[in-house]
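Chemist: Give me the fold of what follows.
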Amino acid sequence: MHSSKPLVVVFLGKSGAGKGTQLDLFKERMGFDFIGSGDLLRNRKKATDYTGTKISDVIDNGGLIATPVVFHLWMSEFERLKSKEEELKGIVIDGSPRKIREAYLMSEALEWYGWNDNFKVILIDVSDEEVLSRIANRRICVDCGEIVPYVGDLKRLSHCPKCNGDLIKRAEDSETESVKKRLEWFQEEVGPVIDFYRERDKLVTINGNQAVEDVFNDILNAIKEDVDYKD
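Modeler: Numbers count the residues shown, from 1 in each chain. Purely as a prediction, here's the structure:
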């Protein structure tokens, strides 16, 4: 049954799990409003005040933005969306929570806006071995910069599916140690977040080893009771 409240969906997944690809499909086909930490921070750093300047410095040096700064931006977005709640089909969230304290803050924020009961976390689940294979073999278009995952039918492509440009492997993707560090970080920081949502019956685990469309169809099946969607 379609709820009168908008469905709020968070996507989680390891680097190389295909989360970005599924997010793009979701935004394109579902008609949900999108909130991304990356977009919010890029917009905020354009301001020339202290916080804008510091966000710019931290991002440029590869650092992490303090959680209170990120959630101040999130609360502003939630407030904006709450004001047009009757028009909302749903909200899809990217970039948070990535730490357990962020999961607690997210729950409190969703409770504040009356959205916590219609909330799901979609985990695109793949093994570490699969991640290492995908990242080592994925390609990028030399013309438009499109990243082509190494999964399903995309493995057979020799040219970019968007502009037909040549596809090449990126040198940094062959650096196995850096990928392993990202996987360790995911286990240490995001692992407790996954457990947090599993314990609260909010987690939906999707087999990410399938073809892109099959993964997407499994996501649709997981939320079909909560929202109407376009075929």
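Chemist: Residue 31: how many residues sit nearby?
Modeler: Residue 31: 14 surrounding residues under other C-beta atoms under 10 Å. Yep, even glycine has a C-beta here, placed from its N, CA and C like the rest.
Chemist: From what I see, it and residue 89 are in contact.
Modeler: Yes: contact criterion C-beta atoms under 8 Å: residue 31 and residue 89 qualify, at 5.0 Å.
Chemist: Under the pLDDT cut-off, which ranges of the protein? List them.
Modeler: Residues of the chain that meet the criterion pLDDT under 70 lie in 1-4, 172-174, 227-231.
Chemist: does the residue most central in space within the chain have beta-bridge partners, and which?
Modeler: The C-alpha lying nearest the average C-alpha coordinate of the chain belongs to residue 94 (C-alpha atoms, centre = their mean; 3.7 Å). Assessed by DSSP bridges, residue 94 has beta-bridge partners residue 36.
Chemist: Report the separation between it and residue 19.
Modeler: 8 Å (C-beta to C-beta, to the nearest Å).
Chemist: What segments of the chain are helices?
Modeler: With helices called from DSSP state H, the chain shows them at 19-30, 37-44, 50-60, 67-82, 100-112, 128-137, 176-185, 191-199, 212-223.
Chemist: related to what we said a few turns ago, quick one: contacts for the residue nearest to the centre of the chain?
Modeler: Counting by C-beta atoms under 8 Å, 6 or more residues apart in numbering, residue 94 touches 10, 11, 19, 23, 34, 35, 36, 37, 38.
Chemist: how about a cut-off of 10 Å?
Modeler: Contact analysis of residue 94 by C-beta atoms under 10 Å, 6 or more residues apart in numbering lists 9-12, 19-20, 23, 26-27, 34-39.
Chemist: For PyMOL, write a command that selects the buried ones of those residues.
Modeler: Listed next is the PyMOL selection for buried residues among the contacts of residue 94, using 16 or more other C-beta atoms under 10 Å:
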select buried, resi 9+10+11+12+19+20+23+26+35+36+37
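Chemist: which one of the contacts of residue 94 sits closest to residue 168?
Modeler: residue 20 (18.9 Å; C-beta to C-beta).
Chemist: just checking, that closest one touches residue 134?
Modeler: No: using C-beta atoms under 10 Å, residue 20 is not in contact with residue 134, being 12.0 Å away.
Chemist: hey, what's in contact with both of those two?
Modeler: residue 149.
Chemist: So what's the residue count around residue 150?
Modeler: Residues near residue 150, counting by other C-beta under 10 Å: 19.
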